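J.: predicted structure and sequence below. I'll ask about it afterward.
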Amino acid sequence: MKKIQIRFLIIIMSFAILLSACKNDGYSSSENNQSSTVVSGTSDIYSKSIDDTTNSSTRKENSTIENTTSLDSEIQKTKAPETQSSKKQSTKSTSIGSKPATTKASNIVKVTIPEGYSFSQIADLMEQKGVCSKKSLLSTAQTYDFSYYPLIAQIPDNQNRFLKLEGYLFPDTYEFYKNEKPENVLGKLIRTAEAKITQSIRTKAEKMGFSVDEIIILASIIEKEAGKSSEMKNISSVLHNRLKIERKLECDATINYVELYIKPNLTGDENRYNSYYNTYKCDALPSGAICNPSLTAINAALNPADTDYLFFVSDKNGNYYYANNGTDHKENVIKAGLEW
């Protein structure tokens, strides 16, 4: 009987232990779930509470930490190995602002502009070389604003001027791309003129009582009238002497410019510039340059020989004859083998 009681007691105890274990498991699981929810909730409340109570310096600190983390992230991205596509993109970016990768020597054209060429002749040359069309060059010269160049900005507005840029397309050897934009072509020529026509030239012109534009116009006539550079300063003296006494310049080169380079490029009234360029008609200098002069001609315009000459004439062999009166000039014309 005692054994039975003991066994019964053991069974009851075992059952109690088992029941207790089951209860503990259920409670623990439920508590853990609830605890997890509460911790998450209190975390949000706690964060909000901190944000509401922290001062501005603490906020700045937190902001700095966040920014640093973000920067670290960007650094990691930067350090990441390049993918094949990013390498291709990098190669493309390198070519921006430099010559196109496909550019070949055959696309580059060397052009030499002779001293004394007119704008029209330069435009013909550019078209022949495949740089740009004559029409586009002439049109751009008339419509594009090049006044951001100081040399061009000083040119006075004159409705009787045929081409504003005539005289400022400096004779030299250049390289261009085929089919280049006309404004780029003209810009390159003007930039060379800006470099060649120095401040000392501009200052000298002002001291002589001339604008830079007037010196360029004068130089363009000297360039076309002089068969050789050694005669330029003498011819310059004739022109300066005539201007001083307000006598017409009467240079044949100005008539040639009207007939050969103005009229063929006009529509409508082809004679509308005659009286402004033909120096047998206009009182002083023409309204614009008649060619693009060399630096030698510009220097001659600034430094005329000291003479009293008012006339000159040349023969077919390039000999020049000068006179300070009409009678002597008539004899020189006969001497040069020309008809009076």
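T.: Sure thing, it's come through. Residues are numbered from 1 along each chain as shown.
J.: got any ranges where the stretch 151-300 of the chain has weak pLDDT?
T.: Residue ranges of the stretch 151-300 of the chain with pLDDT under 70: none are present.
J.: try it again at 90.
T.: Across the stretch 151-300 of the chain, the ranges flagged by pLDDT under 90 are 227, 267-268.
J.: the strands in it, which residues?
T.: 173-177 (DSSP state E, counting those that start in this stretch).
J.: for it, what spans make up the helices?
T.: According to DSSP state H, counting those that start in this stretch, the stretch 151-300 of the chain carries its helices in the segments 182-196, 199-207, 212-225, 232-244, 252-257, 274-277, 295-302.
J.: what residues does the fourth one touch?
T.: For helix 232-244, the surrounding residues in contact (Cβ atoms under 8 Å, 6 or more residues apart in numbering) are 218, 221-223, 225-226, 248-249, 251, 284-285, 296-297, 300-301, 303-312, 320, 322. (Each C-beta comes from the backbone N, C-alpha and C, glycine too.)
J.: what subset of the residues you listed is buried?
T.: Buried members of the contacts of helix 232-244, scored by 16 or more other Cβ atoms under 10 Å, are 218, 221-223, 225-226, 249, 251, 285, 296-297, 300-301, 304-305, 309-312, 320, 322.
J.: quick one: contacts for residue 110?
T.: By Cβ under 8 Å, 6+ apart, the contact set of residue 110 is 173-175.
J.: switch the cut-off to 10 Å
T.: Residues near residue 110 by Cβ atoms under 10 Å, 6 or more residues apart in numbering: 129, 173-176.
J.: now the two most distant members of the residues you listed.
T.: Farthest-apart pair in the contacts of residue 110 is 129 and 173; separation 12.1 Å (Cβ to Cβ).
J.: looking at those two, which is more packed in?
T.: Counted by other Cβ atoms under 10 Å, residue 129 and residue 173 do not tie: residue 129 has more neighbours, with 14 against 8.
J.: measure that one to residue 185 for me?
T.: Distance of residue 129 to residue 185, computed by Cβ to Cβ, to the nearest Å: 10 Å.
J.: so what sits against both of these two?
T.: 111, 176.
J.: the closest residue to residue 289 other than its chain neighbours and residue 292: what is the separation?
T.: Leaving aside its chain neighbours, residue 289 sits nearest to residue 167 (2.9 Å; criterion: Cβ to Cβ, 6 or more residues apart in numbering). Computed with Cβ to Cβ, the distance linking residue 167 and residue 292 is 6 Å.
J.: for the contacts of residue 110, which one is nearest residue 144?
T.: Nearest to residue 144 out of the contacts of residue 110 is residue 176 (Cβ to Cβ; 16.8 Å).
J.: the spatially closest residue to that closest one that is not a sequence neighbour: neighbouring residues, count only.
T.: Distance criterion Cβ to Cβ, 6+ apart; nearest residue to residue 176, sequence neighbours excluded, is residue 131 at 4.6 Å. By the other Cβ under 10 Å criterion, the neighbourhood of residue 131 contains 23 residues.
J.: my read: residue 131 touches residue 186, true?
T.: No. In this structure, residue 131 is not within contact of residue 186 by Cβ atoms under 10 Å, at 11.0 Å.
J.: list the residues that contact both of the two?
T.: Counting by Cβ under 10 Å, 6+ apart, the common neighbours of residue 131 and residue 186 are residue 137.
J.: that older thread, joint contacts of residue 129 and residue 173?
T.: Common neighbours of residue 129 and residue 173 (Cβ under 10 Å, 6+ apart) are 110-112.
J.: out of those residues, which sit inside helices?
T.: Counting by DSSP state H, those place none of their members in helices.
J.: how about CSV for those, with pLDDT and distance to residue 242 added?
T.: Converted to CSV, the shared contacts of residue 129 and residue 173 look like this (pLDDT from 0 to 100; distance: Cβ to Cβ, whole Å):
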residue, pLDDT, distance to residue 242
110, 96, 40
111, 98, 36
112, 98, 34
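J.: possible to save the residues you listed as a markdown table with distance to residue 195?
T.: Listed next are those as a markdown table, based on distance: Cβ to Cβ, whole Å:
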| residue | distance to residue 195 |
| --- | --- |
| 110 | 19 |
| 111 | 18 |
| 112 | 18 |
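J.: ok, of those, which one's closest to residue 155?
T.: Using Cβ to Cβ, residue 111 is the member of those that lies nearest residue 155, at 24.2 Å.
J.: what number of residues lie near the closest one?
T.: Around residue 111 there are 18 other residues, counting by other Cβ under 10 Å.
J.: ok, it touching residue 123?
T.: No. Using Cβ under 10 Å, residue 111 makes no contact with residue 123, being 11.6 Å away.
J.: how about residue 251: what's its closest non-neighbour residue?
T.: Nearest residue to residue 251, sequence neighbours excluded (Cβ to Cβ, 6+ apart): residue 279, at 4.9 Å.
J.: so what's the one you found up against?
T.: Neighbour list for residue 279: 221, 239, 242, 248-255, 257, 285-286, 290 [criterion: Cβ under 10 Å, 6+ apart].
J.: widest-spaced pair of those residues?
T.: So, the contacts of residue 279 by Cβ to Cβ: farthest apart are 242 and 257, at 18.2 Å.
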